[in-house]
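Engineer: Can you look at this prediction? I've put the sequence above it.
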Amino acid sequence: MKPIEVCAVVVTHNPDRDLDQRLRITSQQVGHIIVVDNASEAVHSSALLGICRELGNAEAVCLNSNTGLAAAQNTGIRRAIDLGFQWTLLLDQDSQPAPDMVSRMADVHEGLEERDQVAIIAPNIAQPETGMTARFLRPRGWVLFERTACQEKQIENATIVIASGALISNEIYRQLGPFRDEYFIDYVDTEFCLRAVSRGFRIIVACGATLIHGIGNPSPRMVGPLRLYPRFHPPARWYYIARNRVPTITRYGLHIPHWLLFELLTSGYHLLRMLALEDRRLEKCHAVVIGTLDGIRGKMGPLSPRTASRWH
């Protein structure tokens, strides 16, 4: 893989003014950028068009309605495939790659055996709000799991990684099929990773590649000697998390049991942390209950505008 073979897809919705800088850093590392804008306000979409014109190797696809993260990513990847790119780099609008992130991931890919079985190459994730770096899930036997931090050149056979910063093989994407539009947001990347792993494809973490990426709106809280970082997601996010968890567990839980154990433990921890430390607890609990019931009933897609506005 060469960086020139990579097309970046950045999904936006009313981005902040620092997006300009992030796109410039990205444009120097890839052959092309596709910005898929999910119905931002006119002032933002106009600014995006201007930035893309300045960069020269970028284009903007402005959608008329907010189709959700999964559908927007699919739109961008299909465009990248049409342009002939072999790999797609997915980025959130608030994620910033290190200047050498793509080249470091490409170097790791070149050193791998059976490269045609690698579906995703992910970077190491740095979270500026907490000062921590990510740990990645891997199996440790059939049911048990381990969470491994980056200490060597790469982590082999990760189970799940976040979409932002991930290099996705367009050929394997064609084989697996697109992200699930009906998820709208949350578990979109998890479901795709589990789909890839269940089909025998590999997910690799390039430890020397770094992406600065925040999750939620963490604010530190002390519980005795422990410093915890609740995410303070609004109720709408809790709804999507609870709802999309159901079909993901139903489809992959028995096939990938170490992920199921990890998922049950972390979901319980996040719920308890929210109940103990966050605001709007009753609203969030209500959203979790409704989301779980909708997941069981198979009611997918975006929330109604009225409910989304109330739970924002």
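Structural biologist: The structure has been received and is ready for your questions.
Engineer: helices or strands next to the helix or strand bottoming out on mean pLDDT in the chain in the packing?
Structural biologist: Lowest on mean pLDDT, DSSP states H and E among the helices and strands of the chain sits strand 132-133, with a mean of 73. Strand 132-133 sits against strand 118-127, with contacts defined as 3 or more CB pairs under 8 Å, 6 or more residues apart in numbering; DSSP states H and E. For every residue, glycine as well, the C-beta is placed using N, CA and C.
Engineer: What segments of this protein are strands?
Structural biologist: 6-12, 32-38, 58-63, 87-92, 96-97, 118-127, 132-133, 135-139, 145-149, 154-155, 167-169, 202-212, 221-223, 226-228 (DSSP state E).
Engineer: Direction included, what does the least confident helix or strand of the chain pair against?
Structural biologist: Strand 132-133 pairs in its sheet with strand 118-127 (antiparallel), by DSSP bridges.
Engineer: got a list of contacts for stretch 33-41?
Structural biologist: Here stretch 33-41 makes contact (CB atoms under 8 Å, 6 or more residues apart in numbering) with 7-15, 23, 26-27, 44-45, 48, 51-52, 55, 57-69, 72-73, 75-76, 79-80.
Engineer: Could you count how many residues lie near residue 100?
Structural biologist: Neighbour count for residue 100, taken as other CB atoms under 10 Å: 16.
Engineer: separation between the residue of the chain most remote from its centre and residue 305?
Structural biologist: Here the centre of the chain is the reference, and by CA atoms, centre = their mean the most remote residue is residue 224, at 32.1 Å. Relative to residue 305, residue 224 is positioned 42 Å away (CB to CB, to the nearest Å).
Engineer: try residue 104
Structural biologist: The gap separating residue 104 from residue 305 is 42 Å, by CB to CB.
Engineer: And the two? Which one has more around it.
Structural biologist: A direct count of neighbours by other CB under 10 Å for residue 104 and residue 305 places residue 104 higher, at 21 against 9.
Engineer: For the closest residue to the more buried one other than its chain neighbours, list the residues it contacts.
Structural biologist: Computed as CB to CB, 6 or more residues apart in numbering, the closest residue to residue 104 that is not its neighbour in sequence is residue 209, at 3.9 Å. Each residue near residue 209 by CB under 8 Å, 6+ apart is listed here: 97-98, 100-102, 104-105, 108, 123-124, 165.
Engineer: Kindly recompute the last result at 7 Å.
Structural biologist: 98, 101, 104-105, 123-124 (CB atoms under 7 Å, 6 or more residues apart in numbering).
Engineer: where along this protein do the helices fall?
Structural biologist: 19-27, 42-55, 69-82, 101-110, 170-176, 188-198, 235-252, 257-277, 281-297, 305-310 (DSSP state H).
Engineer: Switch those helices over to CSV; also include mean pLDDT.
Structural biologist: What follows is those, written out as CSV (pLDDT from 0 to 100):
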stretch, mean pLDDT
helix 19-27, 95
helix 42-55, 91
helix 69-82, 97
helix 101-110, 96
helix 170-176, 98
helix 188-198, 98
helix 235-252, 98
helix 257-277, 96
helix 281-297, 98
helix 305-310, 93
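Engineer: okay, the ones you listed in TSV with distance to residue 153 next?
Structural biologist: Below are the helices of the chain laid out as TSV (distance: least, CB to CB, whole Å):
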stretch	distance to residue 153
helix 19-27	23
helix 42-55	31
helix 69-82	27
helix 101-110	7
helix 170-176	22
helix 188-198	21
helix 235-252	29
helix 257-277	24
helix 281-297	39
helix 305-310	43
